[in-house]
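Visitor: Okay, predicted coordinates and the sequence, questions at the end:
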Amino acid sequence: MGIFDGIMICSDLDGTLLRNDRTLSEENWEAIRYFQREGGIFTFVTGRPSYHAEALYSMILPNAPIGCFNGGGIYDFTKGSYLYLNELPRSVLELIAYVEQELPHVGILIATPERICGIRSNPISEEIFGRAKNPIRLSDYRSFDQPIAKIVFCEDNMEIMAELIERLQAHPMSDQFDFIRSEEFLYEILPKNSNKGVVLSKLCEILKLDPSKTVAVGDYNNDVAMIREAALGIAVKNAVPEARAVADVVTVSNEEHAIARIISDLESGALQFPCS
């Protein structure tokens with residue numbers, strides 16, 4: 001029996017588990033190994049597609065499936081398959097056409113379960129496209145017939161980003177989808193009822209874990225649902241106000257080995273689960 005038996009930690013990646021240079025500190029790596037040896041389940045839940053997370057999986061070594069697509073999927077690297085995948089309806093293509101016409105500078109990407117598809121380029125979308133596995137460019141997305149996990153709009157001009165968000169949220173079709181700001185320069189369309197909190201709940205079902213022993217850690221708007229869903233929701237010190245506001249606890253920043261601190265505090269009793 002280990003001291004962390006039955007406890008699952010679900011962590012965001014960028015700005016949470018990873019440092020600002022997107023590396024994993026030795027302190028966090030060692031703490032995760034200790035947590036797992038003592039019976040704990042550690043995994044990450046990310047906005048990345050599963051195929052963008054393979055190298056991170058090999059570095060972090062979760063002992064559970066990962067959450068991907070900002071809550072739209074659960075991928076098991078040991079089986080090489082999705083355990084859960086929520087797909088967008090074909091009507092989402094109308095919103096792509098709307099943004100393409102009304103906001104000509106916004107980069108547009110389609111994420112399928114298998115690859116990234118480029119629709120329109122700008123510097124941000126090209127960065128994402130360039131690090132993708134087997135990316136393709138679509139000359140005619142209107143006839144695209146593959147499953148769609150999410151749509152990603154890319155824009156580094158904050159005035160244009162604000163206009164994009166306002167226009168999409170006011171669109172007559174907006175109630176068919178969920179929307180999330182996953183990074184400062186990214187705004188995404190997700191299937192209805194897709195969020196990181198859904199992944200945490202489904203992982204409990206898949207792994208037959210007690211939800212009252214779950215920990216979620218994050219820093220950004222797309223982590224809010226997961227922080228809320230967990231029995232113990234934690235925001236890192238560098239988190240946006242929206243994440244801090246819903247957290248049970250605010251811990252140290254991602255530059256201060258936040259996951260290692262959380263595991264240490266769980267062991268010492270400085271962090272405790274709420275009484276059920």
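Guide: All right, it came through fine. Bear in mind the structure is a predicted one, so any value in this text is a computation, not a measurement.
Visitor: Quick check, central residue of the chain?
Guide: A centroid search over the chain (Cα atoms, centre = their mean) returns residue 46, at 2.6 Å, as the residue closest to the centre.
Visitor: Next, count neighbours for residue 174.
Guide: Using other Cβ atoms under 10 Å, the number of residues around residue 174 comes to 14. In this view, the C-beta of every residue, glycine as well, is placed from N, C-alpha and C.
Visitor: List the residues that contact it.
Guide: residue 168 (Cβ atoms under 8 Å, 6 or more residues apart in numbering).
Visitor: Likewise for the one 3 residues further on?
Guide: For residue 177, the contacting residues are 88, 92, 95, 189, 190, 191, 192, by Cβ under 8 Å, 6+ apart.
Visitor: quick one: which of these sit in strands?
Guide: In this view, the contacts of residue 177 that belong to strands under DSSP state E are 189, 190, 191.
Visitor: Find me the pLDDT at the last one, would you?
Guide: So that's residue 191. Per-residue confidence (pLDDT) for residue 191: 96.
Visitor: count of residues packed around it?
Guide: 21.
Visitor: Now do the end-to-end distance for stretch 118-126.
Guide: Distance across stretch 118-126, first residue to last, is 8 Å (Cα to Cα, to the nearest Å).
Visitor: Give me the contacts around that stretch.
Guide: Stretch 118-126 is contacted by residues 96, 100, 105-110, 129, 135-138, 141, 152, 154-156, 185-186 when judged by Cβ under 8 Å, 6+ apart.
Visitor: So which of those sit within strands?
Guide: 107, 108, 109, 110, 136, 137, 152, 154, 186.
Visitor: partners of the fifth one in the sheet?
Guide: Per DSSP bridges, residues listed as beta-bridge partners of residue 136: residue 117.
Visitor: So what's the residue count around it?
Guide: With other Cβ under 10 Å as criterion, residue 136 counts 13.
Visitor: Thought residue 114 was touching it, still the case?
Guide: No: here residue 136 lies out of contact with residue 114, judged by Cβ atoms under 8 Å, at a distance of 10.1 Å.
Visitor: circling back: who's in contact with the nearest residue to the residue nearest to the centre of the chain once chain neighbours are set aside?
Guide: Leaving out its chain neighbours, the residue that sits closest to residue 46 by Cβ to Cβ, 6 or more residues apart in numbering is residue 13, at 4.9 Å. Counting by Cβ under 8 Å, 6+ apart, residue 13 touches 44, 46, 48, 53, 56.
Visitor: Tell me who's in contact with the second one.
Guide: By that I understand residue 46. Per Cβ under 8 Å, 6+ apart, neighbours of residue 46: 12, 13, 53, 56, 66, 67, 68, 70.
Visitor: Can you give the distance from stretch 200-216 to the centre of its chain?
Guide: 17 Å (Cα atoms, centre = their mean, to the nearest Å).
Visitor: What residues of that stretch count as buried?
Guide: 200, 201, 202, 203, 204, 209, 213, 214, 215, 216 (16 or more other Cβ atoms under 10 Å).
Visitor: Could you pull out the strands in the stretch 151-276 of the chain for me?
Guide: Counting by DSSP state E, counting those that start in this stretch, the segments of the stretch 151-276 of the chain that form strands are 177-183, 186-191, 214-218, 232-235, 249-250.
Visitor: Any chance of those in CSV with distance to residue 77 as columns?
Guide: What follows is the strands of the stretch 151-276 of the chain, written out as CSV (distance: least, Cβ to Cβ, whole Å):
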stretch, distance to residue 77
strand 177-183, 22
strand 186-191, 22
strand 214-218, 21
strand 232-235, 25
strand 249-250, 30
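Visitor: for the ones you listed, which one sits closest to residue 256?
Guide: Closest to residue 256 of those is strand 249-250 (Cβ to Cβ; 12.2 Å).
Visitor: Need the residues that contact that closest one.
Guide: 232, 233, 234, 235, 236, 237, 239, 244, 271.
Visitor: surely the fourth one meets residue 243?
Guide: Yes: contact status for residue 235 versus residue 243: in contact at 4.5 Å, counting by Cβ under 8 Å.
Visitor: where do the contact lists of the two overlap?
Guide: 218, 219, 223, 227.
Visitor: how deep is the second one tucked in, by neighbour count?
Guide: Spelled out, it's residue 219. Neighbourhood size, residue 219 [other Cβ under 10 Å]: 25.
Visitor: if I pick it, what's in contact with it?
Guide: Taking Cβ under 8 Å, 6+ apart as the test, what residue 219 contacts is 12, 14, 15, 16, 235, 236, 238, 239, 240, 243, 254.
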